[in-house]
Structure formats: C-alpha cells, structure tokens
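Trainee: please work out how this folds:
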Amino acid sequence: NHPHRFRVWISGQVRRVTASIRREMKRRAAVEPVIGHVKAEHRMDRNYLKGRLGDRINAVLAAAGYNFGLLLRWLAELLRVIIRAFFETVPARNTA
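Mentor: Prediction:
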C-alpha cells in the first residue's frame with residue numbers, strides 16, 4: 001500500500017532492460033565490494049552514534065577514512081618514484 005510504486009531490477013532476471021538500467025546495475029556491481037570492504041575494515045559493523053544524523057555521520061567518516069587510505073597509498077607510491085628517480089640520477093663515487 002505504498003503511495004509510490006517501485007520496480008526492482010535484479011541482475012540476470014530480466015533480459016529486456018534499457019541501457020540506462022543495465023549501466024546502473026553494472027555501477028552497483030562495482031560499488032558493492034567497496035561497501036563491503038568499508039563495512040569490514042572501517043568499523044561499520046556497529047554504529048555507536050545516535051539517530052539518523054549519527055548514521056549519516058558514521059557513513060561520511062567511514063568514506064573519509066577509506067579515501068584517506070587511498071590518498072596515503074598514492075603518496076607512498078609517489079615518494080617511491082621520487083626516491084628511485086633521485087638515486088638513478090646521482091652518479092656513484094669512486095673511492096679508489
């Protein structure tokens with residue numbers, strides 16, 4: 001008896017779907033593993049904050065933590081490239 005009618009699309013169930021619905025299903029399939037990782041690794045199994053605002057804050061903080069981890073990995077790789085380039089350009093000294 002909900003005022004808005006919804007159609008649920010499940011992957012592999014319906015063959016005749018529009019291109020936009022197929023694109024959305026592929027996008028969701030790409031996002032689901034990330035959500036699972038965030039829930040497992042960033043303490044989202046239990047929410048210690050109260051209410052709907054707490055739910056929103058918890059989700060934003062988990063996403064920020066996930067993005068911060070990606071940023072740290074990117075910066076570490078950049079530092080490795082810079083150090084490698086520095087040592088490749090410095091000539092070796094002969095102390096004979």
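Trainee: now the least confident helix or strand in the chain by mean pLDDT: buried residues?
Mentor: Using mean pLDDT, DSSP states H and E, the weakest-scoring helix or strand in the chain turns out to be helix 19-41, at a mean of 79. Neighbour-count burial for helix 19-41 flags Met25, Val38 (criterion: 16 or more other C-beta atoms under 10 Å). For every residue, glycine as well, the C-beta is placed using N, CA and C.
Trainee: stretch 51-62 now?
Mentor: Buried residues in stretch 51-62, counting neighbours by 16+ other C-beta under 10 Å, are found at Asn58, Ala62.
Trainee: quick one: distance of it to the chain centre.
Mentor: Taking C-alpha atoms, centre = their mean, to the nearest Å, one finds the center of stretch 51-62 at 17 Å from the center of the full chain.
Trainee: dump the residue contacts of the residue most central in space within the chain.
Mentor: Residue closest to the average C-alpha location in the chain (C-alpha atoms, centre = their mean): Val34, at 4.8 Å. Contact partners of Val34, counting by C-beta atoms under 8 Å, 6 or more residues apart in numbering, are Tyr66.
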